[in-house]
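>>> Output the structure for:
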Amino acid sequence: GVVFVENDFWKEQRRFTLHKFRDLGFGKRSHEEVIQEEASELIKEIKETKGSISLQSMVGVSAINILWALMGGTRFSRKDGRLFHLVNILNELFRSGNVTGSIETVFPALHHIMPDSSSFNTAIRTFKPIKEFVK
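Numbers count the residues shown, from 1 in each chain. Sure thing, here's the model as predicted:
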């Protein structure tokens, strides 16, 4: 890591980390530029929408697009169905509650006794589509 080291080893770790981030596309575009571009697209979409809107999914698409652009160097079309699917899966995962440190961690049998109320099962079910999206 970079946090708990010092001196020459810190310099070596910092150089390695920055090199790897650059390989992933980090630093090739300004963060501000990426965010402004996505904000402009969001505002444009809101203005073009007739009737009611789902602000949560629109902002979710923007957030994922910004992160993807910064880490992967590309952005998705705001109309990409895969992107909407990912946002819905992530919303479901976040709403399911804490998947660690809950009573299910102490008593794993509860996953089988009450599968529908288990946030662990929701997490397991949603991880596969998230992994597929990233691939």
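
>>> Leu70 and Glu38: what is the separation?
To Glu38, Leu70 is 10 Å away according to CB to CB, to the nearest Å. Bear in mind the C-beta positions are built from the backbone N, C-alpha and C, glycine included.

>>> what's the answer for Leu67, then?
Distance from Leu67 to Glu38, by CB to CB: 10 Å.

>>> next one: Gly72
Distance from Gly72 to Glu38, by CB to CB: 14 Å.

>>> So between the two, which is more surrounded?
In this view Gly72 and Glu38 are compared by other CB atoms under 10 Å, and Glu38 has more residues nearby, 19 against 13.

>>> Just to confirm, what confidence does the model report for Glu104?
pLDDT recorded at Glu104 is 62.

>>> whoops, Glu48 was the one
91.

>>> Then Lys44?
For Lys44, the predicted pLDDT is 93.

>>> Would you mind naming the helix or strand containing it?
helix 31-48 (DSSP states H and E).

>>> which helices and strands does that helix pack with?
For helix 31-48, the packing partners by 3 or more CB pairs under 8 Å, 6 or more residues apart in numbering; DSSP states H and E come out as helix 55-72.

>>> outside of the helix it packs on, which residues touch it?
Contact partners of helix 55-72, identified using CB atoms under 8 Å, 6 or more residues apart in numbering, comprise 24-26, 29, 31, 34-35, 38-39, 41-42, 45-46, 74-76, 78, 83-84, 86-88, 90-91.

>>> if you set the cut-off to 7 Å instead, what comes out?
By CB atoms under 7 Å, 6 or more residues apart in numbering, the surrounding residues in contact with helix 55-72 are 24-26, 31, 34-35, 38, 42, 45-46, 74-76, 78, 83-84, 86-87, 91.
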